[in-house]
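> sequence-free structure coming up:
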């Protein structure tokens, strides 16, 4: 049997072998001569579902009343879990008490989960509440809070941080490391290395009952000076 007859009788299997060898050689040449695969060099927040500029977000409670207000010059909504990333946000946390003004604040970055139950403020965080007079006629001076890396629960009006914090209210000042605060109860607690300077309110008359009680009230654990 000569070679030509052998190939003619086995044309189909021979053709399949030839095509497979050609494909394999082509793939090897592609790997050898082709460009190297690009590396993933993207650094930043996860891919956005949409982006907003000059954004304003309001969180509503289960009673339908507005709660936390957040504004940001640049907002991105993350695909998947629908959380929000904010640049240079400003915000207002309501005191939820008649006659008590809202806390105003700002931070470097912010993040809000989909249901609006968790807020993270990243970088330096500063908050401010103007002076006011409560329903009992007691004057409360302006209050400021400076800290960083805050976690807040807007629906509960609570916030905390493990970083250093400084609260100033009028001429009184407290500093410490680690903080927990309930803005509805006007209560702030510093956890470690606490130092404070407290200036008592002046009495209007010797016989009048002292009604100082600054808000927020502040407590601390640790050294006081």
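Perfect, I can see it now. Being a predicted model, the structure only gives us computed values, none of them experimental.
> pLDDT below threshold where in the chain?
For the chain, the stretches flagged by pLDDT under 70 are 1-15, 17-19, 32-48, 61-62, 199-225.
> Please, where are all the helices along it?
Remark: helices assigned in the chain by DSSP state H are 3-9, 11-33.
> contacting residues around stretch 122-140?
93, 95, 98-111, 141-150, 161, 169, 211-215 (Cβ atoms under 8 Å, 6 or more residues apart in numbering). The way it works is simple: take the backbone N, C-alpha and C, and place the C-beta from them, glycine included.
> buried sites along it?
122, 125, 127-129, 132, 134, 140 (16 or more other Cβ atoms under 10 Å).
> One more: stretch 165-181?
Neighbour counts using 16+ other Cβ under 10 Å place 165-169, 172-179, 181 of stretch 165-181 among the buried residues.
> of all these, which comes closest to residue 157?
Residue 157 lies nearest to residue 181 out of these, by Cβ to Cβ, at 8.9 Å.
> got a list of what that closest one touches?
145, 158-160, 187-189, 216.
> now with 7 Å?
Residues near residue 181 by Cβ atoms under 7 Å, 6 or more residues apart in numbering: 158-159, 187-188, 216.
> So which of those residues belong to strands?
Counting by DSSP state E, the part of the contacts of residue 181 found in strands is 158-159, 187-188.
> For ChimeraX, what selects the buried ones among those residues?
The following ChimeraX line selects those of these that are buried, judged by 16+ other Cβ under 10 Å:
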select :158,159,188
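> quick check, nearest of the ones in strands among the contacts of residue 181 to residue 51?
Nearest to residue 51 among those, with distances taken as Cβ to Cβ, is residue 159, at 27.2 Å.
> residue contacts, that closest one?
Going by Cβ under 7 Å, 6+ apart, the list of residues near residue 159 reads 150-152, 181.
> Looking at strand pairing, list the partners for it.
Taking DSSP bridges, one obtains residue 152, residue 181 as the residues bridged to residue 159.
> Number the residues from 839 up from this point.
Sure thing, new numbering starts at 839, so read that last one as residue 997.
> Drop anything exposed from the contacts of residue 997.
Using 16+ other Cβ under 10 Å as the burial test, these include 988, 990, 1019 as buried.
> you'd agree the first one is up against residue 959?
In this case it means residue 988. Yes. Counting by Cβ atoms under 7 Å, residue 959 is a contact partner of residue 988 at 4.2 Å.
> Give me the residue at the spatial middle of the chain.
residue 958 (2.1 Å; Cα atoms, centre = their mean).
> That residue: what's its closest spatial neighbour, skipping adjacent residues?
Excluding the flanking residues, the one nearest residue 958 by Cβ to Cβ, 6 or more residues apart in numbering is residue 949, at 4.5 Å.
> OK, contacts around the one you found?
Neighbours of residue 949 in contact, by Cβ under 7 Å, 6+ apart: 921-923, 958.
> related to what we said a few turns ago, correct me if wrong: the residue nearest to the centre of the chain contacts residue 989.
Yes. Using Cβ under 7 Å, residue 958 is in contact with residue 989, at 5.6 Å.
> Now flag whichever of the buried ones among the contacts of residue 997 is closest to residue 902.
So of those, ranked by how close each gets to residue 902 (Cβ to Cβ), first place is residue 990, at 21.1 Å.
> for that closest one, what are its contacts?
957, 959, 996-997.
> Between all of those residues, which two are separated the most?
For the contacts of residue 990, with distances taken as Cβ to Cβ, the pair at the greatest spread is 959 and 996 (13.2 Å).
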